[in-house]
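>>> I need the structure of the sequence given here:
(chains A, B, C, D, E and F)
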6 protein chains.
Amino acid sequence: MFLHFKQTIQPVDVSSPDPQFGQMLLEQFGGATGELTAALQYWVQSFHVEDASIRDMLQDIAIEEFSHLEMVGKLIAQHTSKLDQTKVYESPLFKVKGMGPHFLDSQGSAWTAAYINEGGNVVRDLRANIAAEAGARQTYEALIKHCQDEGTKKTLTHLLTREITHTQMFMNALNAMGKLTDPMFGTIAPDDTVNIVYNLSQGEDYRGPWNEGNLHYVSDPRPEGGMPPEPINPDDEKLHKMAAE
Amino acid sequence: MFLHFKQTIQPVDVSSPDPQFGQMLLEQFGGATGELTAALQYWVQSFHVEDASIRDMLQDIAIEEFSHLEMVGKLIAQHTSKLDQTKVYESPLFKVKGMGPHFLDSQGSAWTAAYINEGGNVVRDLRANIAAEAGARQTYEALIKHCQDEGTKKTLTHLLTREITHTQMFMNALNAMGKLTDPMFGTIAPDDTVNIVYNLSQGEDYRGPWNEGNLHYVSDPRPEGGMPPEPINPDDEKLHKMAAE
Amino acid sequence: MFLHFKQTIQPVDVSSPDPQFGQMLLEQFGGATGELTAALQYWVQSFHVEDASIRDMLQDIAIEEFSHLEMVGKLIAQHTSKLDQTKVYESPLFKVKGMGPHFLDSQGSAWTAAYINEGGNVVRDLRANIAAEAGARQTYEALIKHCQDEGTKKTLTHLLTREITHTQMFMNALNAMGKLTDPMFGTIAPDDTVNIVYNLSQGEDYRGPWNEGNLHYVSDPRPEGGMPPEPINPDDEKLHKMAAE
Amino acid sequence: MFLHFKQTIQPVDVSSPDPQFGQMLLEQFGGATGELTAALQYWVQSFHVEDASIRDMLQDIAIEEFSHLEMVGKLIAQHTSKLDQTKVYESPLFKVKGMGPHFLDSQGSAWTAAYINEGGNVVRDLRANIAAEAGARQTYEALIKHCQDEGTKKTLTHLLTREITHTQMFMNALNAMGKLTDPMFGTIAPDDTVNIVYNLSQGEDYRGPWNEGNLHYVSDPRPEGGMPPEPINPDDEKLHKMAAE
Amino acid sequence: MFLHFKQTIQPVDVSSPDPQFGQMLLEQFGGATGELTAALQYWVQSFHVEDASIRDMLQDIAIEEFSHLEMVGKLIAQHTSKLDQTKVYESPLFKVKGMGPHFLDSQGSAWTAAYINEGGNVVRDLRANIAAEAGARQTYEALIKHCQDEGTKKTLTHLLTREITHTQMFMNALNAMGKLTDPMFGTIAPDDTVNIVYNLSQGEDYRGPWNEGNLHYVSDPRPEGGMPPEPINPDDEKLHKMAAE
Amino acid sequence: MFLHFKQTIQPVDVSSPDPQFGQMLLEQFGGATGELTAALQYWVQSFHVEDASIRDMLQDIAIEEFSHLEMVGKLIAQHTSKLDQTKVYESPLFKVKGMGPHFLDSQGSAWTAAYINEGGNVVRDLRANIAAEAGARQTYEALIKHCQDEGTKKTLTHLLTREITHTQMFMNALNAMGKLTDPMFGTIAPDDTVNIVYNLSQGEDYRGPWNEGNLHYVSDPRPEGGMPPEPINPDDEKLHKMAAE
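Next comes the predicted model:
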């Protein structure tokens, strides 16, 4: 069961409303790297994760992300409240669609669950979460760099901070499973190509830890699969038949 | 510049065509965790990654993923070639849309670039890639478990194997940057809440490495943000005005 | 700030798991008429509604819808837990994507914020909410009619019930504004066509309260706008120029 | 069968073309609240509504909405015809995609049938239509407020007027069924929670007609559903197993 | 202005209702190759095509496509009317979403304006239309092959026929412009690579009219663009900096 | 198997970076008419086309389109590298999402496989390809007209040129099948309406090659289908029942 307090989890206080910056903030409300993606991703994972302690962690963080979504929404509301009608072409999004947040990104694209990455296995889920946090942190950094309002900047820095905390938590959980630095998981044994690296993009090639050591580097890979069987498409027009006509 | 050899990078050989399994395979051709997502994600990252050696790695792996996309497509082509017309309701997707692969997932949803996770910073990108590989590996495991055809199973096991290899490469690259086990990156310093964990989902709470140690656990968090200012919406109908009428 | 209790708001107890019915239930988890749509729609409205009492109502109901979303998710989790591997083609969605709920509808389409209807004015918002409740209720009725499991049916009937309650609340709020039975709102005065009804679909025409009374019925409407100016497209190929060549 | 007259149903006459305003007008051509949504929604409902007189009303209004879609399209065509090439960055949408209307909204997002709300029951459909009209009216008000061209303003006011007329017609039809002010419809009886209201968003709570009267207000609701069964996910990695290794 | 007659343009008469076939028919109601795509594509083109006679043709055919959309919808309505409740898992789409047509394709994906291909130039538009007709014809052939009902088959054959007629009309219009067999249009002169063909997919290469004659065949193409400048990404983590730490 | 050379197929050299123009270029990277659409469309067709020589052509051109996608991406990378931070509101897309290309169009909408047109029959596929090339050429012309940078203009002219070459190749292939100027293909015989043209959009009607000659022009078409059977919807509320209550 969800419960809500009208007070926000951390302060939200905008001094200089700026609808154009409000539109950029939509990226973290209704965008790919935003708080809705994080909240729903971690929460939906909790329905299929079997381990009760990991599930508890996912739910704790998901609820915090809902509370962060609220903070971003309140920022946008303050940046668009009493929207000045005179500069309509600078931010028509709010003029046409109404003030306050919408589940759109900064370019006006509707949020889609295609942004969510989850399913089947807790290791997969936790790795997806580290990626989600990295995306969110990156967008917050971009927003902070272009932010002129101190109150907004303080709130965004808090939100960026918490992405780091969550990353730490997900890393700790993966580490407890031995899966933070081990690429393998699941029950299917790999075949004998697991240590081969193919140099398929050629020119100014580099070597590094990712194609050295116990990884065997194939500098000029060739196709090993032969010619696949040709399709037989009974609906296709035939060139030779056509030519014969 | 791209170049293509008509021979596949590894063999693709289906003995018992099965259009319903072919439809499931679409998940790795035009689905969220599929090879198109991986190929385009790594490749588009290469356009903004500044370090030439990491860029080389991203391009090498991207090109391999294009070659894997081709293998999955050839599997689907063989599972649907000479499609038996008598069992139309068991797999209407190929009957209506034509045999062979399409850029749809196993449920018939069109592939969307919303699946791609990239932008701004190489650490963010590499973490996104580890997540992408984990999703792909998970789907391959699901497909292998339900696969009746030995040739298909062998191909899918190879593809699963390579996801592990790529994960290893991405982990090695992150490790070389010191970012495999360190949650922080970028240039914005976190605020002083970075070590706090909030127990926002209550009941049957658990402790573990992710909310212990140097992380301070707040067992009953309260809102610290106060009441945010109320919106002023000049377009809104007023209840009191209405009531007065 | 959001808070969560791991106990559900009402009981969820499935006796006879059925993955195919679980897939149908996705319609109310990640589908157009589902609880996510309701929760996010009412909640996002609360950011721009100026009247504090209406805002409180929207938030109360939104939080209940999040709690209902959780109930639907728990139903799906129970219908897919320990998923029988032998009948894969009857419900490949969960086999390929993993057990438990996903933010997809019953046909596997990802949830999109395009389902949300809100913005600008509280009357518009409340009318949108009555429509959202009607859609949700309709889908619950369809699900209940095809449900074989008594525990599931009891939960679905509760969820259907609450849609009626919410409809009552939204109707009462609109009524308090005088807007439940009055079509007008906003500040723009209509022009003098406001009482005209056009019979634009002809054949077996009917009269009723919606085209009688003070509404003037035009039985054979004609275009009153004249020919609009033709476009001038400098990029277009010219037929006459082409013909002259 | 459809028939078309090249004259518009009402005049469309733009004096001062403005491509940026033309882009805002796209919201009512290819946007969520636009005429395409209305036309297709009412018309598709007519295929499953059993009552012939309601069906006639839906078809009459749908055809008018197609005629309105044409008027909006003609407005956009006139605002973009002979598009001045010198101010390209002010409205690149038409420069890149061509002059005239497109089935995109004002932010460039493609129209999607996810905007449509219909199915199963005529009461649900009519409520959805009142919501659709409210959204359309709201967007027309926003456009009129930012419109500098008198001819455009006159056309938009007519279109806003007709949304009010249609709302009246839908309200009258619902009223004839007794469903304008009665929240219930359909054949499933609600359970005994139908008159309960939960105060799930706490702080600065308000009472009003929507949580008073015969509605029982629960000021501090608690979860009544107990702990749901935990999922059993055979594909999940096990934390304890991992820790033991 | 649009006008509608309740009689259909051609007969629609289903003898043996089959909801599963009804679902397949959705491909031509709300699918990529369906009548809605054709109707809206040709009609939206008419808003920017300058030549009045071509515009008249586009409008004539668009209105016929709307009338065909109605026929497909009536087919679906008849295939799902009085839907048998006992075989719910065979076609849950209509059970969950309601009987009759919806703007979804046969896989349940919502129609999107991304299917539409138009803009800027009449030659581009007419070529797009020939492609649209070819897709529609192909889907009708697929549906006819799997159709068991004679009345449905007769209607589908008429619809397929009309796609051929429209193709003829579009070809005649292009031919009158000299653009049916001439690849060039528009005002930008091509550079000197216009007659070169690159053999970029190697192995079992074929020659034919498309890479012979006045086309110069390059059998082993090499990159001619050199190394592009490397990106400079100020936000990127630096590998060497990391290694030094 | 795919192979990649880091040198581009043709030069890419931007002298005057302009992020706003870079955003317009996205139309050809992640937009409907862009190189990704072309590359994936031709390539996916190659999986079901039976004729080996046509398949070879499709693969050759697809690989060239991938190489063109790379060129467009490199253009965008150069237009956004070292992005000036001072003019953030002029191009927030790259500021928020990061420099370099993304799989978005010029309006920020994610690429979708709904743009792809293919399936079932090689004639359908080749006609779709001529349409795809026409759309790409049209967008390149629009971009060149608004381009200030000579290096960019030279690259775009090359890309436009190659669309003409590919159109020639597809036309030649269709011509070899006798399908460039013949509207018919496939195995279903049309009915006897194949030579009828309906004047369904009335007013200022024109005659031309597309409704003359052996095409029979019906100047005032009437519905020939009669009234279709009314739906029977067991879930619908009944108006008469309601009225009686």
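
>>> A:Ser53 and B:Tyr206 touch, don't they?
Yes. Under the criterion of C-beta atoms under 8 Å, A:Ser53 makes contact with B:Tyr206 at 3.5 Å. (Glycine included, C-beta is placed from N, CA and C.)

>>> Which residue of those two possesses the greater neighbour count?
With neighbours defined as other C-beta atoms under 10 Å in any protein chain shown, A:Ser53 and B:Tyr206 compare such that A:Ser53 has more, 20 against 15.

>>> And the helices in chain A?
For chain A, the helices defined by DSSP state H cover A:19-25, A:27-30, A:35-46, A:52-80, A:92-97, A:122-145, A:150-176, A:239-244.

>>> Give the burial count for the residue of chain A found nearest chain F, as a bare number.
Going by C-beta to the nearest C-beta, chain F is nearest to A:Gln107 of chain A, at 2.5 Å. Using other C-beta under 10 Å, A:Gln107 has 26 neighbouring residues.

>>> now do the one 4 residues further on
If you count neighbours by other C-beta under 10 Å, A:Trp111 ends up with 26.

>>> now do A:Ser16
By other C-beta under 10 Å, the burial measure for A:Ser16, its neighbour count, is 12.

>>> Local confidence estimate at the residue of chain A closest to chain F?
Note on A:Gln107: pLDDT of 98.

>>> what does the one 5 residues further on give?
Each residue has a pLDDT score; the one for A:Thr112 is 98.

>>> I'd like the distance between it and A:Leu36.
10 Å (C-beta to C-beta, to the nearest Å).

>>> for chain F, what are the nearby residues on chain A?
A:20, A:23-24, A:27, A:90, A:105-109, A:138-139, A:142-143, A:145-146, A:200-204, A:221-223, A:225, A:230-233, A:235-240, A:242-243, A:245 (C-beta under 8 Å from any C-beta of the partner chain).

>>> picking that back up, to B:Met169, which of the helices of chain A lies closest?
Among these, the nearest to B:Met169 by C-beta to C-beta is helix A:122-145 (14.8 Å).

>>> and the closest one, how far from the chain's centre?
6 Å (C-alpha atoms, centre = their mean, to the nearest Å).

>>> How many residues are close by A:Pro234?
12.

>>> so what pLDDT did it get?
88.

>>> Excluding covalently adjacent residues, which one is nearest to it?
B:Lys82 (7.1 Å; C-beta to C-beta, 6 or more residues apart in numbering or on different chains).

>>> Make sure that neighbour is actually in contact with A:Ile232.
Yes. Counting by C-beta under 8 Å, A:Ile232 is a contact partner of B:Lys82 at 5.0 Å.

>>> What parts of chain A come near chain E?
A:Gln138, A:Glu141, A:Ala142, A:Gly203, A:Glu204, A:Met227, A:Asp235, A:Leu239.

>>> Next, format these as TSV and append neighbour count.
Below are the residues of chain A next to chain E laid out as TSV (neighbours: other C-beta atoms under 10 Å in any protein chain shown):
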residue	neighbour count
A:Gln138	28
A:Glu141	21
A:Ala142	26
A:Gly203	14
A:Glu204	13
A:Met227	12
A:Asp235	20
A:Leu239	20
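
>>> now, the most widely separated pair of those residues?
A:Glu141 and A:Leu239 (55.8 Å).

>>> got the contact list for the residue nearest to A:Pro234?
Applying C-beta atoms under 8 Å, 6 or more residues apart in numbering or on different chains to B:Lys82 gives the contacts A:Ile232, A:Pro234, B:Pro17.

>>> residues near A:Val194, how many?
Neighbour tally, A:Val194, other C-beta under 10 Å: 17.

>>> That one contacts B:Thr167, doesn't it?
No. If you go by C-beta under 8 Å, A:Val194 and B:Thr167 don't touch, sitting 10.5 Å apart.

>>> Many thanks, I have nothing further to ask.
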